[in-house]
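*Asks:* give me a 3D structure for the following:
(4 chains)
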4 protein chains.
Amino acid sequence: MLYKIALEEAWNFPKGESLGGFQSASLAPKGVIGGDLGANLLDVHEQRLQQMDENGVEFMALSLVSAGPQKVPNREGAEKLALEANNALSADVMKRSERFGGLCSVSMHDPVQAAQELERCFTELQGFIGCILNDYQSAGPDGNTMLFYDGPSYDTFWAAAETLDCPVYLHPREATPEIFDKMWKGREHLAFSALGYANRLNMHLLGIITAGVLDRFPKLKLVVGHMGEHIPYDLYRIDHKLNRARFPDMKMRKDKLVRDYFGSQVFITTSGHFSTNALLCAVAEIGVDSCMFSIDYPFESIANGCVWFDEYVEASINARDLVKIGRGNALKVFERLAAGIHGLEDKSPAQCEVGGLKNGEGEVEFGMYNKSFEKREVRKVL
Amino acid sequence: MLYKIALEEAWNFPKGESLGGFQSASLAPKGVIGGDLGANLLDVHEQRLQQMDENGVEFMALSLVSAGPQKVPNREGAEKLALEANNALSADVMKRSERFGGLCSVSMHDPVQAAQELERCFTELQGFIGCILNDYQSAGPDGNTMLFYDGPSYDTFWAAAETLDCPVYLHPREATPEIFDKMWKGREHLAFSALGYANRLNMHLLGIITAGVLDRFPKLKLVVGHMGEHIPYDLYRIDHKLNRARFPDMKMRKDKLVRDYFGSQVFITTSGHFSTNALLCAVAEIGVDSCMFSIDYPFESIANGCVWFDEYVEASINARDLVKIGRGNALKVFERLAAGIHGLEDKSPAQCEVGGLKNGEGEVEFGMYNKSFEKREVRKVL
Amino acid sequence: MLYKIALEEAWNFPKGESLGGFQSASLAPKGVIGGDLGANLLDVHEQRLQQMDENGVEFMALSLVSAGPQKVPNREGAEKLALEANNALSADVMKRSERFGGLCSVSMHDPVQAAQELERCFTELQGFIGCILNDYQSAGPDGNTMLFYDGPSYDTFWAAAETLDCPVYLHPREATPEIFDKMWKGREHLAFSALGYANRLNMHLLGIITAGVLDRFPKLKLVVGHMGEHIPYDLYRIDHKLNRARFPDMKMRKDKLVRDYFGSQVFITTSGHFSTNALLCAVAEIGVDSCMFSIDYPFESIANGCVWFDEYVEASINARDLVKIGRGNALKVFERLAAGIHGLEDKSPAQCEVGGLKNGEGEVEFGMYNKSFEKREVRKVL
Amino acid sequence: MLYKIALEEAWNFPKGESLGGFQSASLAPKGVIGGDLGANLLDVHEQRLQQMDENGVEFMALSLVSAGPQKVPNREGAEKLALEANNALSADVMKRSERFGGLCSVSMHDPVQAAQELERCFTELQGFIGCILNDYQSAGPDGNTMLFYDGPSYDTFWAAAETLDCPVYLHPREATPEIFDKMWKGREHLAFSALGYANRLNMHLLGIITAGVLDRFPKLKLVVGHMGEHIPYDLYRIDHKLNRARFPDMKMRKDKLVRDYFGSQVFITTSGHFSTNALLCAVAEIGVDSCMFSIDYPFESIANGCVWFDEYVEASINARDLVKIGRGNALKVFERLAAGIHGLEDKSPAQCEVGGLKNGEGEVEFGMYNKSFEKREVRKVL
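*Replies:* Presented below is the predicted three-dimensional model:
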């Protein structure tokens, strides 16, 4: 489909590494993921935009590459990284605000300061449509202290996010050095995006929900990527096992289930998990209104994520729901997308050229996975 | 879920049989279907209402039992049956308009007269929210002539339906005597609702769509029951095989597919087809916005249809989409439901008591297919 | 996947048209379907084989193009067409029996003669693995008489099929001239494969099942194409509505449902209905063991059907079940495939190169819908 | 369905608590889960058997309640607990070997001793069909050392399991005291079965697979419960992110994916996760042959798990596949079930009374979610 909106798309700025942020050399040998990771993170208006054009992505919400300020155990360092990243990101997206927006970063050492930075981004800077938090905040002299955001002291932050109509995207990150050593030595491949990322973040997300944060701030919206970090598949067991007789002190509203928050306060994206079966399971469990397209560029390929969505998901889900997931839901969750600076409009399946409008001559063909009748077509780089 | 709306629910009036309408004795030995069919058709405010109360059905749209005027090959007889049925149905539903509405009947011998009767029902009578057509109109001296509504002469009727915001429910009926003799002798069990009904009606519906009726009347809405009369499962093949190179004279817009009309102009209901797999297939193919709950009482049991929806579908589909299918979509398709006389309001999953609000004490339990931990519970009549 | 087996693949022989069989010019203007229909039907070992090679189809079961002898209302003519077609088909497939097999044709005017021809094909000729029947047998002076095979006189035929371990493929065909005139005038596009074919054949199949044929011949196997001719989607309603209290004379075993015959005596193929949603619905309703791959060449494109199965279905269904549908089930249903002449063996997902064996260097990549990281690949003819 | 087999069913023996095993008082206030947990664990032949009878469970594989020997950081203590538990369990199941079998426990401090105990259970004792490991082995003076079984020293154990045809069930357990303090304080409700259990065990399982254990022991079978501990939903991402260019040292065969092991060496059960959507997602991703029924009694209710499977799953999945999941697959995975002592036989859907055999009078009804036509039935304890 045309006019897709992608929401979990990483970005970096030249000073990012020196300020203690993501070190692109540390993750993977250059080229392994598929491109020059460091360069791809820095680029917005060249190859990234070109690939968006080639793949029907109208808009990307960019965010500082994980773990951003959450990686910096020193408070001042974390705040400085957030501030400079936000200034740079605002400048970058405002060069082409009809195609880009930003999720601002905040240090979570001090909830009051985090709220202030959120307000600065939403009122003094331009181009921000939400905020990103990369799981727990590292703290302590050796970086092994983990700050979670489900305690009452963080209500200051959540209140600001609610007041500002700022959806908060919860993004995964790596383990602390201490736990990495204890759990993952010799099995580092499991520590990252294959499994460990989701295992940590789903706990943090459920901690925030079950602590009653969404009840105290009923307009607050949270978003998680990677098809919900395992949660949609496990929702039955989560709600079944979190029963109140057993856990009377759990603060979440006693008349609600975790599943009740999806679609109104909790949303997921498809970033980095291009599995049709998982998407269909998520849609069954949490509803089509709860699901949004995303890519996770440059850790994933724009072309690969878009071929999956435009061809494979389109072959498995009707046009109305496809366009909700690819675009429409994002406009409802991130309300600033539809406002003046970005100016994105709702579009019909026909406008997005899904369903019946595939023939250049104004006529329609259907069921053509392979356009040639006689020859097997192969995929070839444009 | 509470507050369900059911849309394909049969009704009769005392003079119905003598005016040439449905003969309840002809269908099945009394009691076979489960109740006293003739009596159940006549009743509105006694057992029907009581079962609605017991099963969480807030509202029923009633319609004259099939084939109504379509069964009467004589024009005057058909028009008289329609007129008297509409008068009686209006009176019946207006006794309790917050619980009942009507789909009016029309003779389709003469499209102009049909349009007039539609207008009379929608402007002079009260309580009508749509219209019902029982497949082809019988005509000719022996009743073997079949009038279909895809020809240009019926545009008068479709124009009236569009102007009046009157959705048209297409309901199946039996074959002509001639075709029955030729095709079904010795296999009568296949001629009716098991297969023959859908086989005939899906052809008629596709005839109307491919004749361009929905293009000429872009606000016209059609509804079919029985999970779409096979069509959602076969949509790929339908659209693939109706290609324009092969059928250049097909009048439907050349830039649209049959599937493109679902959700905006074509809708289905679950009447008489309580299959979770079929519903999930339909949702995948045509979208949750295209699907609405219905029962097909008294040919089906209110309790059976509601147990299926309230327990089985609820265990397989998220609360948001369940409530759309059970209620919300009906309010959008049949716009008069929300208006003054009926006054139905949109309701949330929590209001409909689905999802997380099952415990009488205000707390929630989840995952309890069987309330007792130690004993297998059995179903027992209230 | 490699090593696919396709079962509903049309073929013709030079004398076919003159003997009263399929007239390729009558169906569609040359080229509309995608190739030269008449030539493609005649060809086995040239372009057809080449496309099989290019698309991972190891084996095709060929059958005389519909409606074959069923189209010939004259008994002698029908029998002559069957005889000559079977002789020609045997010769054609025996030129390369490791890649081709045949479904023999029979005239169904006389069940005894049909049984004799079946026996001749299975004992005197070589290369036949089953039989094909194209819906009803045309009879009568004007061809408007329809002979159905659910009556007791056809037990002779069914007994022969059971004794010979000969699965019977039920294939759709067009309506009689009389019914065509009555029902389809002005809407011819609906009369054929878009809808009418399935509507007629599903009635015939259910007629045979409910007449108790499968009970009297418990080793007899029936196969239908086009994803089951609507039946899997409607099985709930079929079994629900065929209740014994209402139809006490229905001859099918009273302790069985229609759905109980699938997987042991009734099977479906994907021919001409390349819909992933429909396949998933069928698998849910009738089980993976009941479903087999087929194309419907040359009415469908080999490349299109294989791209669908190899790429789209493979992305939606696990490797074990994919290989059952693509190959393994066919070996169980058509037992002669595994025998001496054809010699087909069971193969694992790894042998069929599905799942984890995609990288030429012996390593595996996963999740690559688009091989290039940076460029949108397009499909291009080999 | 009748004749279900359940595989992850907890049991305890009187000396279990004093030997350092599970402390039933520690988990939950008595009665919260639904019954008297301590008593239910000890009971085999009274209430447990009665509930099996009432719910169509023919056979239970019992295992010492988690974490068993894995909970005991002291080697001698762990070995003693395993030895005494195995002796007691053998005696208990052999009282009724046609209804019960055992999964033996082993201390995993010393792989050689673990292999010896496995051999003792499988050759000197009677009634064992497999083995259970409760995630990591606690070790060290404070119990904070975690021993994982993916290292080469454990090959001795895996070799014994393969040689003995002993499937190994991997069961979750709680975190170490140290990690519990760091991660779960104030959010204890997440540490257990709602989330933490699966998050830990899925890492351990993937560690074993990616370490190449299944390649070195290609007949070894692993089983995990709780619908696969999140893994089926995340398989795309797991296989996509574990790419070899990035992790060249990963020992698993380079020509296989994690998904390739399901159905032949890795299997899942439904224990404690009675979600139809999750089961359908798992079936789509890993195939029906990979999925087996289980309950997780007495942490779950036998009646609840069986109502889910017998009514809800039966309404969503065809009879053939239902019986594979409910019984047939267990006979293939746990080969000793079919052998002399237990003597379980394969059964058809009809024998299990699913599908078409529901009417006591030998006739069949279908589609009756609610037996009464007129009254809403309620569930009532027998």
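
*Asks:* for the nearest residue to residue A:125 once chain neighbours are set aside, give its distance to residue D:167.
*Replies:* Leaving aside its chain neighbours, residue A:125 sits nearest to residue A:90 (4.1 Å; criterion: Cβ to Cβ, 6 or more residues apart in numbering or on different chains). Using the backbone N, CA and C atoms, a C-beta is placed for each residue, glycine as well. Taking Cβ to Cβ, to the nearest Å as the measure, residue A:90 falls 57 Å from residue D:167.

*Asks:* give me the more crowded residue out of the two.
*Replies:* More crowded of residue A:90 and residue D:167, by other Cβ atoms under 10 Å in any protein chain shown: residue D:167, with 24 against 19.

*Asks:* from chain A, how far out is the more buried one?
*Replies:* 23 Å (Cβ to the nearest Cβ, to the nearest Å).

*Asks:* distance of that residue relative to residue D:259?
*Replies:* From residue D:167 to residue D:259 the distance is 19 Å (Cβ to Cβ).

*Asks:* related to what we said a few turns ago, the residue nearest to residue A:125 reaches residue A:128, doesn't it?
*Replies:* Yes. Taking contacts as Cβ atoms under 8 Å, residue A:90 lies within contact range of residue A:128: 6.8 Å.

*Asks:* list residues touching both of these two?
*Replies:* Contact criterion Cβ atoms under 8 Å, 6 or more residues apart in numbering or on different chains; residues shared by residue A:90 and residue A:128: A:102, A:121.

*Asks:* any part of the helix or strand bottoming out on mean pLDDT in chain A near chain D?
*Replies:* Within chain A, confidence by mean pLDDT, DSSP states H and E is lowest for helix A:24-27 among all helices and strands, at a mean of 74. No. Counting by Cβ under 8 Å from any Cβ of the partner chain, no contacts exist between helix A:24-27 and chain D, the nearest distance being 8.9 Å.

*Asks:* what's that helix packed up against?
*Replies:* Packed against helix A:24-27 by the contact rule (3 or more Cβ pairs under 8 Å, 6 or more residues apart in numbering or on different chains; DSSP states H and E) you find helix A:37-42.

*Asks:* and the helix it packs on, what's buried?
*Replies:* A:37, A:38, A:40, A:41, A:42 (16 or more other Cβ atoms under 10 Å in any protein chain shown).

*Asks:* and if you look at stretch A:131-146?
*Replies:* Buried residues in stretch A:131-146 (16+ other Cβ under 10 Å): A:131, A:132, A:133, A:134, A:135, A:136, A:137, A:138, A:139, A:144, A:146.

*Asks:* format the buried residues of helix A:37-42 as TSV; extra columns: pLDDT and distance to chain B.
*Replies:* Listed next are the buried residues of helix A:37-42 as TSV, based on pLDDT from 0 to 100; distance: Cβ to the nearest Cβ, whole Å:
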residue	pLDDT	distance to chain B
A:37	89	37
A:38	91	41
A:40	94	35
A:41	96	36
A:42	96	40
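
*Asks:* can you pick out the most distant pair from the residues you listed?
*Replies:* A:37 and A:42 (9.9 Å; Cβ to Cβ).

*Asks:* near chain C, which residues of the stretch 151-300 of chain A are found?
*Replies:* A:274, A:276, A:277.

*Asks:* what pairs with the host helix or strand of residue A:379, parallel or antiparallel?
*Replies:* Per DSSP states H and E, residue A:379 falls inside strand A:377-381. According to DSSP bridges, strand A:377-381 forms sheet pairs with strand C:377-381 (antiparallel).

*Asks:* I'd guess residue A:102 is in a helix, am I close?
*Replies:* No. Assessed by DSSP: H, G, I helix; E, B strand; the rest coil, residue A:102 does not belong to a helix; its assignment is strand.

*Asks:* so where is the stretch 101-250 of chain A shaky, pLDDT-wise?
*Replies:* Residue ranges of the stretch 101-250 of chain A with pLDDT under 70: none are present.

*Asks:* picking up where we left off before, can you tell me which of the buried residues of stretch A:131-146 are in strands?
*Replies:* Among those, the residues falling in strands (DSSP state E) are A:131, A:132, A:133, A:134, A:137, A:138, A:139, A:146.

*Asks:* the third one touches residue A:147, doesn't it?
*Replies:* No. When contacts are counted by Cβ under 8 Å, residue A:133 is not listed as touching residue A:147 (10.7 Å).

*Asks:* show me the common contact partners of these two, please.
*Replies:* residue A:108.

*Asks:* what helix or strand is residue A:268 on?
*Replies:* strand A:266-269.

*Asks:* for stretch A:74-82, which positions count as buried?
*Replies:* Applying 16+ other Cβ under 10 Å to stretch A:74-82 flags A:74, A:75, A:77, A:78, A:79, A:80, A:81, A:82 as buried.

*Asks:* meant to ask about stretch A:188-202
*Replies:* Applying a neighbour-count criterion of 16+ other Cβ under 10 Å, one finds A:189-202 buried in stretch A:188-202.

*Asks:* ok, back up a step: quick check, nearest of the ones in strands among the buried residues of stretch A:131-146 to residue B:252?
*Replies:* residue A:132 (46.9 Å).

*Asks:* any idea how far the closest one is from residue A:14?
*Replies:* 20 Å.

*Asks:* residue of the stretch 151-300 of chain A with the smallest distance to chain C?
*Replies:* Using Cβ to the nearest Cβ, the closest approach of the stretch 151-300 of chain A to chain C is made by residue A:276 at 5.4 Å.

*Asks:* what's that residue in contact with, if anything?
*Replies:* A:308, A:312, A:313, A:316, C:315, C:316.

*Asks:* A strand includes residue A:312, no?
*Replies:* No. Counting by three-state DSSP, residue A:312 is not part of a strand but helix.

*Asks:* make sure it is actually in contact with residue C:313.
*Replies:* No. Taking contacts as Cβ under 8 Å, residue A:312 lies outside contact range of residue C:313: 10.6 Å.

*Asks:* neighbour count: these two, which is higher?
*Replies:* Between residue A:312 and residue C:313, counting by other Cβ under 10 Å, residue C:313 is the more crowded of the two (24 against 20).

*Asks:* in chain A, which spans are strands?
*Replies:* Going by DSSP E, chain A shows strands at A:4-11, A:57-64, A:100-105, A:128-134, A:137-139, A:145-147, A:168-171, A:222-224, A:266-269, A:291-292, A:377-381.

*Asks:* near residue A:219, how many residues? Count them for me, please.
*Replies:* Neighbours of residue A:219 (other Cβ under 10 Å): 11.

*Asks:* residue farthest from the centroid of chain A?
*Replies:* residue A:374 (41.9 Å; Cα atoms, centre = their mean).

*Asks:* got a list of what that residue touches?
*Replies:* So residue A:374 contacts C:34, C:35, C:47, C:51, C:301, C:302, C:303 (Cβ under 8 Å, 6+ apart).

*Asks:* any idea which of the residues you listed is least confident?
*Replies:* Within the contacts of residue A:374, pLDDT reaches its minimum at residue C:34, with 70.

*Asks:* that one contacts residue C:299, correct?
*Replies:* No. Applying Cβ under 8 Å as the test, residue C:34 and residue C:299 come out as separate, 9.1 Å apart.

*Asks:* among those two, which residue is more densely surrounded?
*Replies:* Neighbours were counted for residue C:34 and for residue C:299 using other Cβ under 10 Å; residue C:299 has more, 22 against 18.

*Asks:* quick one: contacts for that one?
*Replies:* Neighbours of residue C:299 in contact, by Cβ under 8 Å, 6+ apart: C:10, C:33, C:37, C:193, C:272.

*Asks:* before we move on, what about residue A:247?
*Replies:* Counted by Cβ under 8 Å, 6+ apart, residue A:247 has contacts D:188, D:189.

*Asks:* try it again with 7 Å
*Replies:* For residue A:247, the contacting residues are residue D:189, by Cβ atoms under 7 Å, 6 or more residues apart in numbering or on different chains.
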